[in-house]
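1. any chance you can model this:
(chains A and B)
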Amino acid sequence: MSNKLIEVKNLKKYFNTPMGNLHAVDDVSVSIDRGKTLGVVGESGCGKSTLGKTIIRLHEPTEGEVLFKGENIFDYSKKDMKKLRSSIQIIFQDPYSSLNPRMTVSRLIAEPLISNKIYKSKREMEDRIKSLMETVGLSGRLYNAYPHELDGGRRQRIGIARALAMNPDFIICDEPVSALDVSIQAQILNLLMDLQEELELTYLFITHDLSVVKHISDEILVMYLGQSVEKAPYKELFDNPIHPYTKALLGSIPKPILGERGKIRNTIKGEIFTPINPASGCRFAKRCDYAKEKCYVEDPVFIEVSENHFVACHI
Amino acid sequence: MNNDYKKQSQVKEVFRRLKKNKPALIGLIVISIIILVAIFADFIVDYETVAIEQNISQRLRPPSREHWMGTDGFGRDVFARIVHGTRVTLSLSLVTTFSSAFLGSIIGAIAGYFGGRIDNIIMRINDTIMCIPPILLSLSVVAALGAGLRNLFIAILVASTPGFVRLIRSVVLGVRSEEFIEAAHALGTSDIKIIWNHVLPNAMGPIIVQSTMYVAGMILLTSGLSFLGLGVQPPVPEWGYMLNEGREFIRHSPHLIYMPGIAIVISALSLNLLGDGLRDALDPKLKN
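-> Reported below is the predicted structural model:
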């Protein structure tokens, strides 16, 4: 019996646009072990957020399966889905727009409890809200405050408290720190890691910030235009990147070394191509320095090159 | 459902903020006075003897000490008729406005929130109703159901709800795409609760402003229907109908136009001021 909590199999999500099918997520397969964190990185528009939102069915998938504890959640009825919502939760990117401005902090945190009818008595609910606020480090005096009175970090703590309210097993963190400034980022990341240890949570951590992902992940998945291009344990990925895109991504991290100033770094050129009706062949080929003829014709296969290190590249 | 003590404190909070807004406070006071007048009309002037009984020898008197607002074409005291007209006019226009605002909000929210086919069906029916002039529509409803206050109410409700539906739908379309709606979905909140707890509170501003604006229009619509003999029946005092009656004598007895006209203006204006202030007071973002 494997220790896989969640397994995504050949997940596809296409959006219909007037120009054609937008391949937001194209044939992505990943699995996450219980208590581990999978970091998903990639540049803007590569389908990271769509992947996360499709996994908890905020978007309906086009094709594929998501097995949660061995069951395909896409077969779930509305009723089953509601139950499932308590085990899979999501933390949103923008703590400013993801909180209803007309609700107080306590009401916001109470929302999942009310919606799922967890507590019958008010006292129990209040106690739970207060303990949740303590868990995420919100002071009790904010009980009746409104979100606009708080800074981004505190708002994101509300978001985390909301996600924790139902005692989930699995949390999708959709760029939870990218809207925050650096000092707060560290606080929130540490909070998330502490919570993971304490509550044995499993994370799917979506971000475009490589230093963040290195800090928190056990495994890292690199995505490009809706496809997975490389997946490896974080150490392996940083020490021994194989795919040219991963190399370029890693090369784009600014290094605090004075001698390297002025040196041309191996950064990525050009812009991401349109994900609408993409041509066959490697999607990165046009921006790739090492592209061969084969790359333009044939889809690369996602294969295991060394233990737990998967790459989709012809080279 | 929620903590009661918090809801009470919220009402208190809204009132505290409303008090800071002087025009809104004036609007609230004037509206309260008008409502009190409507409730205690019988204690101010007698209905049967002063507001209804005709007195031809006293007709078309200008305002004097005896008749504060003069007398009308049948020698009835205009002041008494305005006081008693408050009841009919205000209750009818307030009740119709708020019921159509309520109904329109719910239908509009459903259309805007679910979108797709539901939206299409609701909005096409809505468009059909909207393209019939409100007077004509109310006329046909009253013709079908018969005259009377209750049927007048139904007629106006049918005629005025589509405007609200359209407005609320457009506001809801904006609110629906907010991330906190998606967040509520992820937390397992049902659609009905999302509409009630998330969508409608955030669409409140336009609803309140539109409602208060509507009241004045409702007074005129009611009076128009009364004029056509379909709403309030003649001897009953009603502001809009009084305006229509006074039309004949506009040259030598303009007070017949001024008095009910001023009454309509004052109530509509104070409602608008109150609505404006209420919108601001209900928005926690503007709290300080």
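2. what is the neighbour count of the residue in the stretch 101-250 of chain B that chain A sits nearest to?
-> Residue nearest to chain A within the stretch 101-250 of chain B: B:G188 (3.5 Å; CB to the nearest CB). Quick note: C-beta positions are derived from backbone N, CA and C, even for glycine. Each residue near B:G188 was counted by other CB atoms under 10 Å in any protein chain shown, and the total is 19.
3. leaving out chain neighbours, which residue sits closest to it?
-> Nearest in space to B:G188, with sequence neighbours left out and distances taken as CB to CB, 6 or more residues apart in numbering or on different chains, is A:R85 at 3.5 Å.
4. would you map the strands across chain B?
-> Assigned strands in chain B: none (criterion: DSSP state E).
5. ditto for the stretch 151-300 of chain A
-> Counting by DSSP state E, counting those that start in this stretch, residue ranges of the strands within the stretch 151-300 of chain A are A:170-174, A:202-206, A:219-224, A:227-233.
6. where's A:D299 relative to A:S97, distance?
-> For A:D299, the distance to A:S97 equals 37 Å [CB to CB, to the nearest Å].
7. I should have written B:N55 there, sorry.
-> Distance check for B:N55 against A:S97: by CB to CB, it reads 67 Å.
8. A:S29 too?
-> Applying CB to CB, the value for A:S29 to A:S97 is 31 Å.
9. check B:I181 too.
-> Distance check for B:I181 against A:S97: by CB to CB, it reads 10 Å.
10. out of the two, which sits in the busier spot?
-> Remark: of B:I181 and A:S97, B:I181 carries more neighbours, 20 against 17, as counted by other CB under 10 Å.
11. I'd guessed that one sits against B:I194; true?
-> Yes. Using CB atoms under 8 Å, B:I181 is in contact with B:I194, at 6.3 Å.
12. where does pLDDT dip in the stretch 151-288 of chain B?
-> Scanning the stretch 151-288 of chain B for pLDDT under 70 picks out the ranges B:227, B:231, B:233, B:284-288.
13. now with 50?
-> Residues of the stretch 151-288 of chain B meeting the criterion pLDDT under 50: B:288.
14. got the residues of it near chain A?
-> Among all residues of the stretch 151-288 of chain B, those adjacent to chain A (criterion: CB under 8 Å from any CB of the partner chain) are B:178-180, B:182-190, B:193, B:197-198, B:201-202, B:283-285, B:287.
15. would you list the buried entries among the residues you listed?
-> B:178-180, B:182-189, B:193, B:197-198, B:201-202, B:283-284 (16 or more other CB atoms under 10 Å in any protein chain shown).
16. from B:D191, how far off is the residue in the stretch 51-200 of chain A that chain B sits nearest to?
-> Nearest residue of the stretch 51-200 of chain A to chain B: A:R85, at 3.5 Å (CB to the nearest CB). Going from A:R85 to B:D191 by CB to CB gives 14 Å.
17. try B:S64
-> In this structure, B:S64 lies at 63 Å from B:D191, with CB to CB as the measure.
18. pretty sure A:I88 contacts A:I55?
-> Yes. Look at A:I88 against A:I55 with CB under 8 Å: they come within range, at 7.5 Å.
19. quick check: phi and psi at the closest residue to A:L150 other than its chain neighbours.
-> Counting by CB to CB, 6+ apart, A:L150 lies nearest to A:L142, which is 6.9 Å off, once chain neighbours are set aside. Backbone dihedrals for A:L142, given as degrees, to the nearest 10, come out at phi -90, psi 10.
20. now do the one 4 residues further on
-> Dihedral pair for A:Y146: phi -100, psi 150, per degrees, to the nearest 10.
21. run a quick neighbour tally on it.
-> Here the neighbour count serves as a burial measure; for A:Y146 (other CB under 10 Å) it reads 19.
22. and the closest residue to B:V175 other than its chain neighbours, what does it touch?
-> If the residues on either side of it in the chain are set aside, B:V175 comes closest to B:N202, at 4.8 Å by CB to CB, 6+ apart. When contacts are counted by CB atoms under 8 Å, 6 or more residues apart in numbering or on different chains, B:N202 is found next to A:N100, A:P101, A:R102, B:V175, B:E178.
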